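Engineer: Starting from these lines, generate the structure:
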Amino acid sequence: MDTSPVRTPHRLDPAGGCPHALNARLLAQGAVAPVELPGGIEGMAVLGHTALKEFLQHPDVAKDARHFAALRAGRIAPGWPLLTFATVQGMTTADGEDHRRLRSLVGRAFTPRRVEELRPRVVELTDQLLDDLARAAVADDGVADLRRHFALPLPMGVISELLGVEPRFRDRLHHLGDQVVATDIEPAEAVRANRELVAVLDEIARAKAAAPADDLTSALIAARDEGGDRLSHQELIGTLILMIIAGHETTLNLITNAVRALCTHPDQLALVRTGAAGWADVVDETLRWDAPVSYFPFRYPVRDLTVGGTLIPAGTPVLAGYSAAGRDPAAHGPDASRFDVTRPARPDAVRHLSLGHGAHYCLGAPLARLEATVALERLFTRFPTLELATPETDPAPHAGFVGNSVRSLPVRPTPAGT
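Structural biologist: Modelled structure (predicted):
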């Protein structure tokens, strides 16, 4: 039963911005908020922790865009900035047996055991990038952009090596991925970026088909070529899009947000240094307190659902409000907006929902955690007095309302003993 008052939909700013003040205002009105998406499309955002946990695992909630009422009605124009989220063919838009099939094809690369085998390479790459960060600072009066020189190339390098993507493609893939997930991009640019991204991935796939190697792309191509019943070509490209974008953008934001949090909360960094908390605690608290993804598209109720006391009509595009749920006072207490690396786990053992929940829980979560913990430990060991080079109020927020971070993070990396 819908017990909520009628609320005017909040128009999400396509340019994005820091989400936390908005989240607090919307949460004060209810766990579920009506929102207006680009193009005047009506949607909902599930913001409360309990409501979001329920929604993410509800059996009557789907990911397949055939349930998207506005898309079925022809109201979504080509170049709509969120169209790729809805229509890309891959595990993020699949349900039931299709989802299990697609997930199983890549799942073996992300088991805890396989991820742990990557640790030496993650450490090696991290140390190389710390050298690059130091050199960049020397070249610019002691200041370097940690996001550009460290937080970005680490996960991009790891996922590219897993997929067998050559270094010459990586900057281009990052740039195109940024455009594909942007919410403030013009329609013509969105169409162009999507076409170019598919063309680049087609080129990579053709090269792998001609010369297979010991990488995930070659394994996916083999699955496609076994007859197409395991993986179609469209699903191959969609899976590569997902793996590349999700495989580095989320961890890029996670590392950036964690460094920013520790630099602005030296008392919390001191707790880690004294052993009162671990680097894994920093990662989990950052995921809760400053989630790398703010509003993730889309899920669709297959029938009218009441969630958190609010009716969500069938076919409504729903955003998962990860950044809001992480600071929900109803779940995390009156100090939910405080960064605390010693925060105890919730009684239900779900500390946060920032990596998803249920069948679509983030497949790459073990890898993201490995990369972030290694990155933070070695960064603050190499540069124990690391500090932000600009006032905390200065960093420009990440463009768009899907991702949550800052566009750059200028720091002063001073080596130990200097």
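Engineer: Surely residue 385 forms part of a strand?
Structural biologist: No: counting by DSSP: H, G, I helix; E, B strand; the rest coil, residue 385 falls outside a strand, being coil.
Engineer: Over stretch 370-388, what's the mean pLDDT, rounded is fine.
Structural biologist: Stretch 370-388 shows a mean pLDDT of 97.
Engineer: go on, stretch 134-148?
Structural biologist: 95.
Engineer: Residues contacting it, please?
Structural biologist: 133, 149, 252, 256, 259, 382, 389, 405-415 (C-beta atoms under 8 Å, 6 or more residues apart in numbering). Just so you know, the C-beta spots here come from the backbone N, C-alpha and C atoms, and that holds for glycine as well.
Engineer: Return the subset of these lying in strands.
Structural biologist: Among those, DSSP state E puts 410-412 in strands.
Engineer: Now do the strands in this protein.
Structural biologist: Under DSSP E, the chain gives strands at 10-11, 32-37, 41-46, 61-62, 144-145, 295-301, 305-307, 310-312, 318-321, 387-388, 410-412.
Engineer: ok, the fourth one: who's next to it in the sheet?
Structural biologist: Yep, that's strand 61-62 we're talking about. Neighbouring strands of strand 61-62 in its sheet, by DSSP bridges, are strand 295-301 (antiparallel).
Engineer: Hmm, residue 232 is touching residue 224, no?
Structural biologist: Yes: using C-beta atoms under 8 Å, residue 232 and residue 224 qualify as a contacting pair, with a distance of 6.9 Å.
Engineer: How far off centre is the lowest-mean-pLDDT helix or strand in the chain?
Structural biologist: When the helices and strands of the chain are compared on mean pLDDT, DSSP states H and E, helix 216-225 comes out lowest with a mean of 89. Distance, stretch centre to chain centre, for helix 216-225: 25 Å (C-alpha atoms, centre = their mean, to the nearest Å).
Engineer: Which elements pack onto it?
Structural biologist: Helices and strands touching helix 216-225, by 3 or more C-beta pairs under 8 Å, 6 or more residues apart in numbering; DSSP states H and E, are helix 96-107, helix 153-163, helix 187-210, helix 233-264.
Engineer: So which residue is dead centre in the chain?
Structural biologist: residue 250 (3.3 Å; C-alpha atoms, centre = their mean).
Engineer: For residue 291, see how far away it is.
Structural biologist: 9 Å (C-beta to C-beta, to the nearest Å).
Engineer: Could I have the ChimeraX command that selects the buried members from the contacts of stretch 134-148?
Structural biologist: In ChimeraX, this line selects whichever of the contacts of stretch 134-148 come out buried by 16 or more other C-beta atoms under 10 Å:
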select :133,149,252,256,259,382,389,405,406,408,409,410,411,412,413,414
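Engineer: Need the pLDDT of residue 3.
Structural biologist: On the pLDDT scale, residue 3 gets 53.
Engineer: re the thing from before, residue 232 and residue 224: which is more packed in?
Structural biologist: residue 224 (22 against 12; other C-beta atoms under 10 Å).
Engineer: can you tell me how far residue 156 sits from residue 409?
Structural biologist: Distance, residue 156 to residue 409, by C-beta to C-beta: 16 Å.
Engineer: Number of residues surrounding the closest residue to residue 218 other than its chain neighbours?
Structural biologist: Of all residues not flanking residue 218 in the chain, residue 212 sits nearest, at 4.1 Å (C-beta to C-beta, 6 or more residues apart in numbering). Using other C-beta under 10 Å, residue 212 has 15 other residues around it.
Engineer: Which residues are in contact with residue 212?
Structural biologist: Here residue 212 is in contact with 218, 221-222 (criterion: C-beta under 8 Å, 6+ apart).
Engineer: May I see these organised as a markdown table, with neighbour count and distance to residue 51 added?
Structural biologist: Below are the contacts of residue 212 laid out as a markdown table (neighbours: other C-beta atoms under 10 Å; distance: C-beta to C-beta, whole Å):
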| residue | neighbour count | distance to residue 51 |
| --- | --- | --- |
| 218 | 17 | 42 |
| 221 | 20 | 41 |
| 222 | 15 | 42 |
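Engineer: TSV please, covering those residues and showing distance to residue 105.
Structural biologist: Shown next, in TSV, are the contacts of residue 212 (distance: C-beta to C-beta, whole Å):
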residue	distance to residue 105
218	12
221	11
222	10
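Engineer: And the residues you listed, which is closest to residue 85?
Structural biologist: The shortest approach to residue 85 among the contacts of residue 212 belongs to residue 221, at 24.8 Å (C-beta to C-beta).
Engineer: my read: the closest one touches residue 206, true?
Structural biologist: No: taking contacts as C-beta under 8 Å, residue 221 lies outside contact range of residue 206: 9.4 Å.
Engineer: Export the helices and strands packed on helix 216-225 as JSON lines, with columns for distance to residue 362 and mean pLDDT.
Structural biologist: Shown next, in JSON lines, are these (distance: least, C-beta to C-beta, whole Å; pLDDT from 0 to 100):
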{"stretch": "helix 96-107", "distance to residue 362": "11", "mean pLDDT": "92"}
{"stretch": "helix 153-163", "distance to residue 362": "13", "mean pLDDT": "95"}
{"stretch": "helix 187-210", "distance to residue 362": "21", "mean pLDDT": "94"}
{"stretch": "helix 233-264", "distance to residue 362": "8", "mean pLDDT": "94"}
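Engineer: how about JSON lines for those helices, with distance to residue 318 added?
Structural biologist: Shown next, in JSON lines, are the helices and strands packed on helix 216-225 (distance: least, C-beta to C-beta, whole Å):
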{"stretch": "helix 96-107", "distance to residue 318": "17"}
{"stretch": "helix 153-163", "distance to residue 318": "27"}
{"stretch": "helix 187-210", "distance to residue 318": "21"}
{"stretch": "helix 233-264", "distance to residue 318": "19"}
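Engineer: The residue nearest to residue 218 and residue 353, how far apart?
Structural biologist: From residue 212 over to residue 353 (counting by C-beta to C-beta), the distance is 38 Å.
Engineer: Kindly report the same for residue 162.
Structural biologist: 25 Å.
Engineer: quick one, which of the two is more surrounded?
Structural biologist: Neighbour count, other C-beta under 10 Å: between residue 162 and residue 353, residue 353 has more, with 26 against 21.
Engineer: Let me see the contact set for that one.
Structural biologist: Per C-beta under 8 Å, 6+ apart, neighbours of residue 353: 49, 52-53, 56, 320, 322, 325-326.
Engineer: hmm, try it at 10 Å
Structural biologist: 46, 49-50, 52-53, 55-56, 287-288, 291, 320-322, 325-326, 328, 331, 361 (C-beta atoms under 10 Å, 6 or more residues apart in numbering).
Engineer: Thank you kindly, that will do.
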